[in-house]
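Undergrad: predicted model, plus sequence, below.
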Amino acid sequence: MRSAHHAETVRHAEAELMARLPEGTLMRRAAAGLAAVCADLLGRVYGARVVLLVGSGDNGGDALYAGALLARRGAGVSAVPLAPGRTHAGGLAALTGAGGRVADDPFAVLATADLVLDGITGIGGRGGLRPDAVPLARAARGSDAVIVAVDLPSGTEADSGEVRGEALRADATVTFGTYKPGLLIDPAHTYAGTVRLVDIGLGPYLPDPPPLEALQHQDVARLLPEPSGESDKYRRGVVGIVAGSARYPGAAVLAVAGALRGGAGAVRYVGHAADAVIARFPEALVHSGPPARAGQVQAWVVGPGLGDDPDVVREVLESRVPVLVDADGLRPLDPATVRDRGAATLLTPHAGEAAALLGVSRGRVEAARLASVRELAARFGATVLLKGSTTLVASPDGSVPVRVNPMGTPWLATAGSGDVLSGLAGSLLAAGLGAADAGAVAAYLHGLAGRDAAGRGVPVTSFEVADAVGGAWGRVRSPG
Ligand SMILES: NC(=O)C1=CN([C@@H]2O[C@H](COP(=O)(O)OP(=O)(O)OC[C@H]3O[C@@H](n4cnc5c(N)ncnc54)[C@H](O)[C@@H]3O)[C@@H](O)[C@H]2O)[C@@H](O)CC1
Ligand SMILES: [K+]
């Protein structure tokens, strides 16, 4: 599991740890980890040209101490102070003592740099890059240098992943003590490049559970449902899919495709696209409805390609089993109806649908994904999976960590991909997973399947993604 903590929490933890250590220990630990990653990226440190962009805080201090370590190993290190007079004094002395220097012409050293360290701002940064930093960030980007952000890319918001102005685009980020939420959530996530965590001993001082976490292979493997020796198909769970319409039969077929790969014992389809479903999946049980007469299920999925049918959504929500609501099903949704349900509800909007539910613009949701998903979960008293390149899953209880899916891929931005996801997550609900687990595991397998299906670098169809779910499941269970 990868955990992320907010800046204020990190500051408290650092203060507690610092009180037990000689002065400067933490910064030296951070700088040593940072220098090691830089050395790794450079391959050969001796003779390498390194430029440090140095802001006025401790983030700049980290860059200067790391620069000093690289200078001791023979790198040519130049510092570019953005706030001369307010530069970290100890760090600057360490750099010059090790043979580094302050650049006379920042743009000249940036043009020929092999590696640029972004130490402009870390968790103390507010807003985007200031005007004086923008041309320097652009010059760094325009050079052939590898850009390494210290703690987080300057200009991105540590706590929310928002980018409120210009920010520095890094190839790699070296973060300290714990991940910051912004490193895992778009849009900031895309500015961070590859993220490496340096342990500075903060672990015992950080709260558990964290506010945000990202499942890894082994976490997902532990959550996957496993049929036992005595399982029959009904004990393994039956998932009911209410989807598709005369106009959109394909959504029904794709949702059933996802459901069949999600570990439920059987898939019951209810709706107007039964012929299309049976033609593709003879193993599906079909019924023309209404849902209450279709037979027992352990979870329902309602919405993909459904068209305008508020009555059927209401009927499904009246059931006593977990319900996943997606796509068209989200349109007629009333918070009170969802809040009053006796069983779990999982809502799976994309940014546009989330915006409509919240009454804000789509751009607002995309810019502030974490706040949006938390707000929806609180308002509806439901688990909410906000789709996108960094899918988030929030629980109605705000003290439960929000899950961020690290397995997204842009290839999944294809028609019908969400239908497969809803079937898959619904199937996991029917197999007995809690709503947050079902959502996070489904997003993970779906992302991995999307990556596998696009493995040859070609566009993928949603059917190919569904077909690849089995392989992803197997790989998560037995990696290697
Ligand atoms: N506290 C500690 O013991 C440790 C802190 N560490 C580092 O310290 C960082 C936090 O240091 P600080 O609290 O000094 O904060 P920062 O270095 O992140 O930034 C604070 C400074 O930047 C200025 N600033 C704010 N927004 C700005 C903007 N948009 N453009 C330009 N300047 C801006 C502020 O006026 C302030 O002077 C962490 O991110 C991490 O890199 C690490 O060394 C690990 C140990
Ligand atoms: K930084």
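TA: Ah, there it is. Ligands and ions are numbered 1, 2, ... in the order given.

Undergrad: could you dump the helix or strand containing residue 241 to PDB, C-alpha only?
TA: Per DSSP states H and E: residue 241 is located in strand 238-242. What follows is strand 238-242 as a C-alpha-only set of coordinates in PDB (Å, rounded to 0.1, in the frame of the first residue of the first chain):
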ATOM      1  CA  VAL A 238     -25.200 -13.400  -8.600                       C
ATOM      2  CA  VAL A 239     -24.900  -9.900 -10.100                       C
ATOM      3  CA  GLY A 240     -27.900  -8.300 -11.800                       C
ATOM      4  CA  ILE A 241     -27.200  -5.900 -14.600                       C
ATOM      5  CA  VAL A 242     -29.900  -3.400 -15.600                       C
END
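
Undergrad: what is the neighbour count of the nearest residue in space to residue 29 that is not next to it in sequence?
TA: Take residue 29 and drop its neighbours on the chain: the residue closest to it by C-beta to C-beta, 6 or more residues apart in numbering is residue 200, 4.4 Å away. (Each C-beta comes from the backbone N, C-alpha and C, glycine too.) For residue 200, the neighbour count with other C-beta atoms under 10 Å is 21.

Undergrad: before we move on, what about residue 148?
TA: Neighbours around residue 148, by other C-beta under 10 Å: 27.

Undergrad: quick check: it is in a helix.
TA: No - using DSSP: H, G, I helix; E, B strand; the rest coil, the assignment for residue 148 is strand, not a helix.

Undergrad: pLDDT value on it, please?
TA: Residue 148 is assigned a pLDDT of 98 by the prediction.

Undergrad: what's the answer for residue 229, then?
TA: The model's pLDDT for residue 229 equals 66.

Undergrad: got it, and the one 10 residues further on?
TA: In the predicted model, residue 239 carries a pLDDT score of 97.

Undergrad: return the residues in contact with it.
TA: Residue 239 sits next to 259, 262, 264, 266-268, 297-301, 423, 426-427, 429-430 when contact means C-beta atoms under 8 Å, 6 or more residues apart in numbering.

Undergrad: remind me which helix or strand residue 432 belongs to.
TA: Residue-wise, residue 432 maps onto no helix or strand under DSSP H and E.

Undergrad: with residue 250 instead?
TA: helix 249-260.

Undergrad: tell me the angle that helix makes with strand 238-242.
TA: When axes from the mean of the first three to the mean of the last three C-alpha atoms, to 10 degrees is applied, the directions of helix 249-260 and strand 238-242 differ by 170 degrees.

Undergrad: one step back: restricted to helices, list the contacts of residue 239.
TA: 259, 423, 426-427, 429-430 (DSSP state H).

Undergrad: who's in contact with residue 88?
TA: 54, 57-58, 60-61, 64.

Undergrad: and the residue nearest to residue 29, helix, strand or coil?
TA: Going by three-state DSSP: residue 200 is coil.

Undergrad: so how far is ligand 2 from it?
TA: Using C-beta to the ion, to the nearest Å, residue 200 is found at 16 Å from ligand 2.

Undergrad: same deal with residue 113?
TA: 16 Å.

Undergrad: once you drop chain neighbours, what's closest to residue 32?
TA: Using C-beta to C-beta, 6+ apart, the nearest residue to residue 32 is residue 69, at 6.7 Å.

Undergrad: could you report the neighbour count for the one you found?
TA: Residue 69: 22 neighbours (other C-beta under 10 Å).

Undergrad: residue 227 touches residue 237, doesn't it?
TA: No - assessed by C-beta atoms under 8 Å, residue 227 is found out of contact with residue 237, at 10.1 Å.

Undergrad: which residues touch the residue nearest to residue 29?
TA: Residue 200 neighbours (C-beta under 8 Å, 6+ apart): 17, 26, 29-30, 33, 176-177.

Undergrad: could you rerun that using 10 Å?
TA: Residues near residue 200 by C-beta atoms under 10 Å, 6 or more residues apart in numbering: 13-14, 17, 21, 25-30, 32-33, 176-178.

Undergrad: ranking by neighbours, what's the top pick from those residues?
TA: Neighbour-wise, the contacts of residue 200 (other C-beta under 10 Å) top out at residue 176, 27 neighbours.

Undergrad: secondary structure element holding the spatially closest residue to it that is not a sequence neighbour?
TA: Using C-beta to C-beta, 6+ apart and skipping the chain neighbours, the partner closest in space to residue 176 is residue 30 (4.7 Å). Per DSSP H and E, residue 30 falls inside helix 25-42.

Undergrad: any idea how far residue 450 lies from ligand 2?
TA: Taken as C-beta to the ion, the span from residue 450 to ligand 2 is 31 Å.

Undergrad: assign a three-state SS to that residue, would you?
TA: What three-state DSSP gives for residue 450 is helix.
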